[in-house]
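> following is a predicted model, sequence given first.
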Amino acid sequence: MFALRQEKKSAARRSPAIWRTMLNIDRGLVTFVGHLTVTGSVPADLRKRPLLMTANHIGVFDAFVLMAACKRIGINPRFMLAGGILDMPVLGPALRASGHLRVDRAKATTAVGQFTEAAEALRTTRDPLIVYPEGRISHDPGLWPERGKTGAARLALAANVPVIPISQWGAHEAVYWGTETVNGPADLMPLAKSGLSAPWRRPHFQVHFGDPVDLSGVEPERPGAGVRAHAKIMRAIADGMVPLRRGELGVPRFHDPTRPTDTVSPWRPKSGS
């Protein structure tokens, strides 16, 4: 236990000061908005080596909840973020200085170079990297994970690093999905109204850090390796969601009238039917 506490302190010191400050502010925000429960953890031996963490994407607020959950278990993660976020005024420079990685999915040639850079960064760092394999907030009516992309799985295979699945629930109740694009103040009103009412509603945020995904049977050099690894990762995330959402394994109790429900999750566990 003492060694784990020392490792947590060491991890905190390694992270840039601006990121440590942002994480502390985030922890206060999440505590103000709702109640956070964290289960599972990251084994002590994996805290000393490169690590990829993959999470389901359920809402606008869930990245803040993930950050607070990681802070609670003594991990200061980096995220793989869309280029648009890293190019934002004020926030963008702070995130870039914190060491987060860029992904521009719309630019194929750029994405190839970024993948190579990400794999190298992942191999040579002791800070875990969080990736959303779905790439967007789920449109599944039950908020189970979408099919997603194989990028995170291919990244794990290329860098030869362990994968920790993160399952979360409850963050979708803090802020509405809103709209795909923001064209004016009116598009932000649903987010503002739901977010401002959250501290009175006190949503329950749940985050579970699962056991490392067993990718030992996936041979990286064989065709389809990324697809097979991706399936293992997504099933681990979906299975981890089941105990978090007891009593609402079908349609979520919280109704967000702004969120699209036009896809069907292929990863929904049988117990989540």
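Cool, the structure landed. Residues are numbered from 1 along each chain as shown.

> what are the ranges of the strands in this protein?
35-40, 52-55, 78-82, 101-103, 129-131, 163-169, 204-209 (DSSP state E).

> for the stretch 51-200 of the chain, which spans come out with low pLDDT?
83, 86, 104-114 (pLDDT under 70).

> run the last query once more with 80
81-118, 121, 125-126 (pLDDT under 80).

> do a quick rundown of the helices in it.
Under the criterion DSSP state H, counting those that start in this stretch, the stretch 51-200 of the chain contains helices at 62-72, 83-86, 91-97, 108-123, 151-159, 185-201.

> what's the closest of these to Ala171?
helix 62-72 (3.6 Å; C-beta to C-beta). Placement of C-beta: from N, CA and C, glycine included.

> list the helices and strands the closest one packs on?
helix 17-33, strand 35-40, strand 163-169, strand 204-209 (3 or more C-beta pairs under 8 Å, 6 or more residues apart in numbering; DSSP states H and E).

> the residue nearest to Lys48 when sequence neighbours are not counted: neighbouring residues, count only.
Excluding the flanking residues, the one nearest Lys48 by C-beta to C-beta, 6 or more residues apart in numbering is Arg126, at 6.6 Å. A count of nearby residues for Arg126, using other C-beta atoms under 10 Å, gives 12.

> equivalent analysis for Phe32, please.
9.

> distance of it relative to Lys149?
33 Å (C-beta to C-beta, to the nearest Å).

> out of the helices of the stretch 51-200 of the chain, nearest to Arg246?
helix 62-72 (18.7 Å).

> report the buried residues of the closest one.
By 16 or more other C-beta atoms under 10 Å, the buried positions in helix 62-72 come out as 62-71.

> show me the contacts for the most centrally placed residue in the chain.
A centroid search over the chain (C-alpha atoms, centre = their mean) returns Ala55, at 3.8 Å, as the residue closest to the centre. Contacts for Ala55 were tallied using C-beta atoms under 8 Å, 6 or more residues apart in numbering; they are 62, 66, 130-132, 165-168, 237.

> again, only using 10 Å
Applying C-beta atoms under 10 Å, 6 or more residues apart in numbering, we find Ala55 in contact with 62-63, 65-66, 69, 77, 79, 130-134, 145, 152, 164-168, 207, 209, 237, 240.

> so what's the closest residue in space to Met67 that isn't next to it in sequence up against?
Leaving aside its sequence neighbours, Met67 sits nearest to Asp26 (C-beta to C-beta, 6+ apart; 4.7 Å). Taking C-beta under 10 Å, 6+ apart as the contact definition, Asp26 lies against 63-68, 70-71.

> circling back to that earlier point, specify which member of the buried residues of helix 62-72 is nearest to Gly84.
Checking these against Gly84 with C-beta to C-beta, the nearest one is Ala63 at 14.3 Å.

> distance of the closest one from Glu221?
34 Å.

> same question, Ala236
From Ala236 to Glu221 the distance is 23 Å (C-beta to C-beta).

> now do His57
Taken as C-beta to C-beta, the span from His57 to Glu221 is 30 Å.

> more neighbours: which of the two?
Per other C-beta under 10 Å, whichever of His57 and Glu221 has more neighbours is His57, with 22 against 6.

> contacting residues for the more buried one?
63, 66, 132-138, 143, 145-146, 148, 168, 171-172.

> please redo it, this time with the cut-off set to 6 Å
132, 134, 137 (C-beta atoms under 6 Å, 6 or more residues apart in numbering).

> mind checking how far it is from Leu66?
For His57 relative to Leu66 (C-beta to C-beta), the value is 10 Å.

> got it, and Thr21?
For Thr21 relative to Leu66 (C-beta to C-beta), the value is 17 Å.

> again, but for Met88
19 Å.

> try Asp87
For Asp87, the distance to Leu66 - C-beta to C-beta - is 22 Å.

> picking that back up, looking at the helices of the stretch 51-200 of the chain, which is nearest to Val38?
Nearest of the helices of the stretch 51-200 of the chain (C-beta to C-beta): helix 62-72, 4.8 Å.

> who touches the closest one?
With C-beta under 6 Å, 6+ apart, helix 62-72 has contacts from 23, 26-27, 30, 36, 38, 55, 77, 168, 171, 205, 207.
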